[in-house]
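Sharing a sequence plus its predicted fold:
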Amino acid sequence: MVEILICDDHQLIREGMRTVLENEPEMSLVGVVSDTSGAVAVLETGDGAIAVVDVRLAGEDGLDLVRWIQGNRPDVKVIILTAFATDELLIEAAELGVVALVDKMSGIDELMRVMRDVVAGRRFVTTESVRAARRRMEERGMAQLLQLGEVDCEIMSFIGQGMTDREIAARVYLSPQTVRNRVSRLLTNLGRENRTQLALMMAEFDDVGHRFVK
């Protein structure tokens with residue numbers, strides 16, 4: 001029997017999954033938790049073969065839990081739940097060894113279908129799916145964001161929040177002129193014409209709400 005851990009901060013989803021899994025003869029529910037600490041407490045006991053993790057937990061980043069699993073319980077297969085199934089998330093999930101991404105809007109029936117396939121050994125996050133995601137990002141002009149250094153990531157994050165060069169300078173400990181020079185270079189390198197387009201680019205890229213947020 002395959003041991004399942006559910007980590008989601010929405011009570012309806014937790015209770016819905018509990019009800020469905022109680023009737024699955026091949027699956028045993030070892031934990032239904034709402035946060036990272038609860039999930040770690042279960043996984044540290046050695047229980048859990050599959051972890052279903054909401055990428056957005058209340059006040060937490062679900063990917064931090066996935067990173068913990070990767071470092072401490074690499075035997076656990078991870079399925080990510082998300083309402084923002086972006087190419088960016090797919091690529092990062094692949095780097096963390098995630099086996100599947102499931103859109104929360106598709107419902108519990110679809111999640112159960114994916115879980116059964118994962119139990120049977122199937123992977124949904126594959127080399128081919130990641131290659132296709134990278135190709136789509138390149139077509140959208142987004143792949144360059146993955147190559148930015150730490151300071152430029154911070155500047156892009158603050159541009160996305162609508163900050164001025166002077167406000168950004170105070171946050172990244174650079175002069176306003178240096179920030180202006182970096183913004184100008186970002187516009188050129190990212191193929192955008194103005195700050196508004198950079199902000200829109202950030203809004204599209206950072207749907208998951210974790211990559212550039214400091």
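Structure received.

Tell me the secondary structure at the residue sitting nearest the centre point of the chain.
Nearest residue to the geometric centre of the chain (C-alpha atoms, centre = their mean): Leu89, 4.7 Å. Three-state assignment for Leu89 (DSSP: H, G, I helix; E, B strand; the rest coil): helix.

My read is that it contacts Arg56, right?
No - using C-beta atoms under 8 Å, Leu89 is not in contact with Arg56; the gap is 10.6 Å. In this view, the C-beta of every residue, glycine as well, is placed from N, C-alpha and C.

The lengthiest helix in the chain - contacts with which helices or strands?
Criterion DSSP state H: the longest helix present in the chain is helix 176-190. In terms of contacts (3 or more C-beta pairs under 8 Å, 6 or more residues apart in numbering; DSSP states H and E), helix 176-190 is packed against helix 150-160, helix 165-172, helix 195-205.

Can you name the residues in contact with the helix-or-strand element of the chain with minimal mean pLDDT?
Here the helix or strand of the chain ranked lowest by mean pLDDT, DSSP states H and E is helix 195-205, holding a mean of 86. Contacts of helix 195-205 with the rest of the structure, by C-beta atoms under 8 Å, 6 or more residues apart in numbering, involve 88, 140-142, 145, 156-157, 159-160, 162, 183, 186-187, 190, 192, 211-212.

Show me where this protein has its strands.
2-7, 27-33, 50-54, 56-57, 60-61, 77-82, 100-103 (DSSP state E).

which ones are touching the residue of the chain positioned farthest from its centre?
Here the chain reaches farthest from its C-alpha mean at Gln177, the gap being 34.0 Å by C-alpha atoms, centre = their mean. Counting by C-beta under 8 Å, 6+ apart, Gln177 makes contact with nothing.

could you redo the last one with a cut-off of 10 Å?
165, 169 (C-beta atoms under 10 Å, 6 or more residues apart in numbering).

And for Glu95?
66-67, 70, 125, 130 are the contacts of Glu95 under C-beta under 10 Å, 6+ apart.

repeat for Glu193
Leu187.

Now do it, the pLDDT please.
pLDDT, Glu193: 91.

and it, how far is that from Leu148?
Distance, Glu193 to Leu148, using C-beta to C-beta, to the nearest Å: 19 Å.

Also Ala203?
Counting by C-beta to C-beta, the gap from Ala203 to Leu148 is 16 Å.

Who has more neighbours out of these two?
Neighbours were counted for Ala203 and for Leu148 using other C-beta atoms under 10 Å; Leu148 has more, 16 against 10.

thought that one was touching Met142?
No - under the criterion of C-beta atoms under 10 Å, Leu148 makes no contact with Met142, lying 11.3 Å away.

shared neighbours, the two?
Leu190.

What residue spans form the domains of this structure?
The chain breaks down into these domains under automatic domain parsing: 2-137, 143-205.

Mean neighbour count, those domains: which tops it?
Most buried of these, by mean neighbour count (mean count of other C-beta atoms under 10 Å): domain 2-137, with a mean of 17.
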